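In: Need a 3D model of the following:
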Amino acid sequence: MTTFKIVLATDLTQDSINLLKSRDEIVLEKVAPAIPTVREALKDAHALIARADIPIDRNLLEHAPHLRVIGRPSAGLGGIDLQAATERGIIVMNIPGISAIAAAEHTITLMLALSRRLINAHNSMKAGFWLMDRKQQAGHQIYGKTLGIIGLGRVGRAVAQRALAFGMTVLAYDPYIAEDQVEDSRVLLLGLRELLERSDYVSIHVPATSETANMVDEAFLEAMKPGAMLINTAHGSIVNESAITDALQSAHLSGVAIDVYAEEPPYNSPLVGMDGVIHTPHIADNTVEAMQDVSAHIVDQVLDALHDVDYRNVVNLPFVTGIDFETIRPYLLLAERIGTLQHVLSRHAIRRVAVELRGDEVDRLIKPITVALLKGLLTPILGDTVSYINAPFLAAERGIQVTQVKGLKVGDYTNMVSCQVTLEDGEEMLMAGTLLDHSEPHIMQINEYRMNFVPQGHLLLMGSYDQPGVIGKVGTLMATNGVNIASWHTGRAQPGGQTLTVLTLDEAMPQEVLDELLQQEFIRHAHRTQL
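Out: Okay, the predicted model is just below:
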């Protein structure tokens, strides 16, 4: 009988621990969540179950020669070096969506507590007062009010259903969900500004990505209905805490409820202790039932993977049969970068993805390369919940049709990866790339523009008109604002027409510089990104 050692570096329910102990083939070692103790225990371990308080990086994995499975008893994957794990053939798995109900109920709880001024009433009684000012203690009903939900994923949908049960009008903003994908017709999809203007309550349920970082800023708050309330149980990086503080002090917001913070613990948050704010210590998903479900699921998944029975919620790409991972990894990186750049340049939601591969090295890689393209497309939207395993499912869930085609109008390069996306408005966008020296990704074509640049680092993608002085004006603008240009690549369809330029920058381009660039008469569009 094969024996497996499992290192447990987090808390699970006693029932789940007892299950592991009852298995004759399992040796369970429970250790404190500290790097030295985990590193020592991993020397002969086959599986590790740990949360984000243990950084599972390349260095730690080098001390785990027999490790086959990493189980994360949560949805997030922060702190896990997926590439290092994949290189070593280690399966990484998580538990997506298990805590959606708990997070949704906590959101509703916070909304009710804000509306009825429960914390003030509780503190008043605790201080010995009984309705000293009944008018001052008066709250608001949520019946008949309007809730705006930002992000209609698992938690957002669960919040919507519960709000509808309270008799609320529910609005939602999610640019990556089509109207025919909304399960309940009573939930109305709107643009962000209209949602903010109409909502009495705004609840945040988007993942932490580069696109959602600092999403709730001064402009976002100014667009909200005067006297509205804001609730955030998603991620602390999404909101600007100083801007929220100002909105509360000016009475533009009448209340805020938060469970997550820019810094945790939030020792320096201006919101903690402020009047009009309800704050909880990142416990939205922390219920007895959620803990039981998470514990049971992660234990079952790890046991099934160790016994080669089933692989559920695996988030990294398995090795392609007969092909060494080191050989295909540069192509996967190229495909991901193409997908991300397609997303950056798309002005509307992507509805169709057509993939074409040309060359002996790539003709057997259609599946992993297509998955990598989808991962690149979806990661800016969904964050680290997207994996090589679930990218096709997530694409299908959003109504994205994926096909393999032949005959895309791209240049003749060796081992070419090409992707044409069709946007919601019918516009098509083509991008193609290849590897130089079988290792370095290069983008060779975007639509009709011939290019040759490495898709990495801080990039500025700029559409302009082909006229004299563009390079000088852009260079002067950059120099004036201290932004150094590392490389400049311009493609044009015809003289005097339109051009597409990709600049590689030494550092991130400030938003105010981008805004100034967009005001130039020769600029058609400009986008910044970091790869």
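
In: Break down the stretch 301-450 of the chain into its helices, ranges please.
Out: Listed in chain order, the helices of the stretch 301-450 of the chain (DSSP state H, counting those that start in this stretch) span 325-345, 366-382, 391-397.

In: May I see the buried residues of the longest one?
Out: Pointing back at helix 325-345 there. By 16 or more other C-beta atoms under 10 Å, the buried positions in helix 325-345 come out as 325, 328-343, 345. Every residue, glycine included, has its C-beta placed from N, CA and C.

In: cool, the last one as well?
Out: For helix 391-397, burial by neighbour count (16+ other C-beta under 10 Å) applies to 391-392, 394-395.

In: Domains in this structure, by residue range?
Out: Domain ranges of the chain: 4-97+289-306, 100-279, 325-453, 457-531, per automatic domain parsing.

In: among those, which is nearest R312?
Out: domain 4-97+289-306 (5.2 Å; C-beta to C-beta).

In: State the mean pLDDT of that closest one.
Out: Averaging pLDDT along domain 4-97+289-306 yields 92.

In: Use 40 as the first number from now on
Out: Sure, I'll start counting at 40 from here, so that last one is domain 43-136+328-345.

In: Work out the gap between it and the centre of the chain.
Out: Relative to its chain's centre, domain 43-136+328-345 lies at 23 Å (C-alpha atoms, centre = their mean, to the nearest Å).

In: got the domains of the chain as CSV, with distance to V354 columns?
Out: Formatted as CSV, the domains of the chain follow (distance: least, C-beta to C-beta, whole Å):
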stretch, distance to V354
domain 43-136+328-345, 5
domain 139-318, 14
domain 364-492, 4
domain 496-570, 20
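
In: Select, out of those domains, the one closest to N355.
Out: Nearest to N355 among the domains of the chain is domain 43-136+328-345 (4.6 Å), distances taken as C-beta to C-beta.

In: Geometrically speaking, which residue is the centre of this protein?
Out: G422 (1.6 Å; C-alpha atoms, centre = their mean).

In: how much space is there between that one and P246?
Out: To P246, G422 is 4 Å away according to C-beta to C-beta, to the nearest Å.

In: cool, and D219?
Out: In this view, D219 and P246 are 23 Å apart by C-beta to C-beta.

In: Likewise for K512?
Out: In terms of C-beta to C-beta, K512 sits 38 Å off from P246.

In: So which of those two has more stuff around it?
Out: P246 (20 against 16; other C-beta atoms under 10 Å).

In: What separation do you get for that one and H274?
Out: Counting by C-beta to C-beta, the gap between P246 and H274 amounts to 7 Å.

In: Any stretches of the protein with poor pLDDT?
Out: Applying pLDDT under 70 to the chain flags the ranges 170-173, 356-364.

In: burial measure for R155, as a count.
Out: The burial count for R155: 16, using other C-beta under 10 Å.

In: now Y182
Out: Y182: 8 neighbours (other C-beta under 10 Å).

In: So it belongs to a strand, correct?
Out: No - read with DSSP: H, G, I helix; E, B strand; the rest coil, Y182 is coil and lies in no strand.

In: residues contacting it?
Out: Contacts for Y182 (C-beta atoms under 8 Å, 6 or more residues apart in numbering) come out as 205-207.

In: and which of those is nearest to V493?
Out: Among those, and counting by C-beta to C-beta, the member closest to V493 is M207, at 49.7 Å.

In: a strand runs through E233, doesn't it?
Out: No - applying three-state DSSP, one finds E233 to be helix, outside a strand.

In: May I have the residues that are in contact with it?
Out: E233 neighbours (C-beta under 8 Å, 6+ apart): none.

In: From P507, how far out is it?
Out: Taking C-beta to C-beta, one finds E233 at 42 Å from P507.

In: And I119, by the same measure?
Out: When distance is defined by C-beta to C-beta, I119 is 51 Å away from P507.

In: Settle it for me: which of those two has more neighbours?
Out: Per other C-beta under 10 Å, whichever of I119 and P507 has more neighbours is I119, with 25 against 8.

In: how about the strands of the stretch 40-189 of the chain, start to end?
Out: Here the stretch 40-189 of the chain has its strands, by DSSP state E, counting those that start in this stretch, at 43-47, 65-69, 86-88, 108-110, 130-132, 185-189.

In: can you list these in JSON lines and add mean neighbour count and distance to V341?
Out: Formatted as JSON lines, the strands of the stretch 40-189 of the chain follow (neighbours: other C-beta atoms under 10 Å; distance: least, C-beta to C-beta, whole Å):
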{"stretch": "strand 43-47", "mean neighbour count": "22", "distance to V341": "7"}
{"stretch": "strand 65-69", "mean neighbour count": "17", "distance to V341": "10"}
{"stretch": "strand 86-88", "mean neighbour count": "27", "distance to V341": "5"}
{"stretch": "strand 108-110", "mean neighbour count": "24", "distance to V341": "5"}
{"stretch": "strand 130-132", "mean neighbour count": "24", "distance to V341": "7"}
{"stretch": "strand 185-189", "mean neighbour count": "25", "distance to V341": "34"}
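
In: Let me have those strands in CSV, adding distance to V327 as columns.
Out: Compiled in CSV, the strands of the stretch 40-189 of the chain are given as follows (distance: least, C-beta to C-beta, whole Å):
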stretch, distance to V327
strand 43-47, 19
strand 65-69, 20
strand 86-88, 19
strand 108-110, 20
strand 130-132, 23
strand 185-189, 26
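
In: Tell me which of those approaches S334 most closely.
Out: Here strand 86-88 is closest among those (C-beta to C-beta), at 9.4 Å.

In: Contacts for that closest one next, please.
Out: Strand 86-88 is touched from outside by 43-49, 51, 77, 81, 95, 103, 106-112, 337-338, 341, 344-345, with contacts defined as C-beta under 8 Å, 6+ apart.

In: Partner strands of it and their direction?
Out: Strand pairing for strand 86-88, using DSSP bridges, gives strand 43-47 (parallel), strand 108-110 (parallel).

In: Same list (the ones you listed) but as a markdown table, adding distance to L539.
Out: As requested, the strands paired with strand 86-88 are arranged in a markdown table below (distance: least, C-beta to C-beta, whole Å):
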| stretch | distance to L539 |
| --- | --- |
| strand 43-47 | 51 |
| strand 108-110 | 42 |
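
In: Quick one: the strands in the stretch 240-389 of the chain, in order.
Out: Assigned by DSSP E, counting those that start in this stretch, the stretch 240-389 of the chain shows strands spanning 240-243, 267-271, 292-297, 316-318, 389-397.

In: quick one: buried residues of the longest one?
Out: Neighbour counts using 16+ other C-beta under 10 Å place 389-390, 392-397 of strand 389-397 among the buried residues.

In: Report the backbone C-alpha coordinates of it in PDB.
Out: The C-alpha trace of strand 389-397 is given here as PDB (Å, rounded to 0.1, in the frame of the first residue of the first chain):
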ATOM      1  CA  ILE A 389     -15.300  40.000 -26.900                       C
ATOM      2  CA  ARG A 390     -17.800  37.500 -28.200                       C
ATOM      3  CA  ARG A 391     -15.800  35.300 -30.500                       C
ATOM      4  CA  VAL A 392     -12.200  34.100 -30.500                       C
ATOM      5  CA  ALA A 393     -10.700  32.500 -33.600                       C
ATOM      6  CA  VAL A 394      -7.300  30.800 -33.300                       C
ATOM      7  CA  GLU A 395      -4.900  29.700 -36.100                       C
ATOM      8  CA  LEU A 396      -1.500  28.000 -35.600                       C
ATOM      9  CA  ARG A 397       1.000  27.600 -38.400                       C
END
